[in-house]
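> coords please:
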Amino acid sequence: MDVLTHATFLAPDFDEPPAPRRADDEPEADTGEPVPAGRDMARFLDKALEGRGWEVLNRWTTPYSHAFDVRRTSRRYDVEVQLLDGDEGRWLVSALQRKGLVPWLSRSGDSDEHTLLLTHLRGVLDADPRIGAPRWYSEDDWNASDRGPGSELPIA
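The predicted model follows:
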């Protein structure tokens, strides 16, 4: 059975007040590049996972998303949040086990811990009234589909 590691969901009314800067926030360098939407959503998710016993280790921004990594024991998992459609408030979140610099040396297969992380993430999405219509995908299904017109894997 494929592990469902990617979820799309609708959150058009997700609007948190700006959070005060925390001591562990990285300084935001002015690179001239636009900062992607999703910082509040990423912070909401990392706080919710911390509340369920996950340690948030690092936070970072890519050109199109916000991400953080978590661990509960020795394995680390990358959680990434991306706004797919700002007009509809359609989001993507994924939670994947970190492979390391040499992926074939990493322990293979999905663990009970990864399943627990995904269960906790599902619980966070299902419990918040601002979030609706979650749809879950395996990594292979998400990566294989272009999700364009006529796609067999619709987004939320």
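> buried set for the lowest-mean-pLDDT helix or strand in the chain?
Across the helices and strands of the chain, mean pLDDT, DSSP states H and E gives its lowest value to helix 139-144, namely a mean of 86. For helix 139-144, the neighbour count (16 or more other C-beta atoms under 10 Å) marks Trp142 as buried. Where C-beta positions appear, they are placed from N, C-alpha and C, glycine not excepted.
> chain center to it: distance?
Relative to the mean C-alpha coordinate of its chain, helix 139-144 is positioned 15 Å out (C-alpha atoms, centre = their mean, to the nearest Å).
> so how far is the longest helix seen in the chain off the chain centroid?
The residue-count maximum for a helix in the chain (DSSP state H) belongs to helix 112-127. Mean-position distance between helix 112-127 and its chain equals 11 Å (C-alpha atoms, centre = their mean).
> buried residues, that helix. List them.
Buried residues in helix 112-127 (16+ other C-beta under 10 Å): 113-114, 117-118, 120-121, 124-125.
> what residues are up against Asp140?
Counting by C-beta atoms under 8 Å, 6 or more residues apart in numbering, Asp140 touches Asp2.
> check the one 3 residues further on too.
With contacts taken as C-beta under 8 Å, 6+ apart, Asn143 has no neighbouring residues.
> what's the answer for Ala11, then?
So Ala11 contacts 41, 89, 91, 130-132 (C-beta under 8 Å, 6+ apart).
> mind redoing it with 7 Å?
Contact analysis of Ala11 by C-beta atoms under 7 Å, 6 or more residues apart in numbering lists 89, 91, 130-131.
> could those residues go into JSON lines alongside pLDDT and distance to Val79?
Compiled in JSON lines, those are given as follows (pLDDT from 0 to 100; distance: C-beta to C-beta, whole Å):
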{"residue": "Gly89", "pLDDT": "88", "distance to Val79": "19"}
{"residue": "Trp91", "pLDDT": "94", "distance to Val79": "12"}
{"residue": "Arg130", "pLDDT": "92", "distance to Val79": "18"}
{"residue": "Ile131", "pLDDT": "94", "distance to Val79": "15"}
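> kindly export the longest strand along the chain (C-alpha atoms) in CSV.
Using DSSP state E, we find that the single longest strand of the chain is strand 76-85. Extracted C-alpha coordinates of strand 76-85, given in CSV (Å, rounded to 0.1, in the frame of the first residue of the first chain):
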residue,chain,number,x,y,z
ARG,A,76,14.1,13.4,10.4
TYR,A,77,11.2,14.4,8.1
ASP,A,78,10.8,17.4,5.9
VAL,A,79,7.5,19.1,5.9
GLU,A,80,6.8,21.6,3.1
VAL,A,81,3.9,24.0,2.6
GLN,A,82,3.1,25.7,-0.7
LEU,A,83,0.2,27.9,-1.8
LEU,A,84,-0.9,26.4,-5.1
ASP,A,85,-3.8,28.8,-6.0
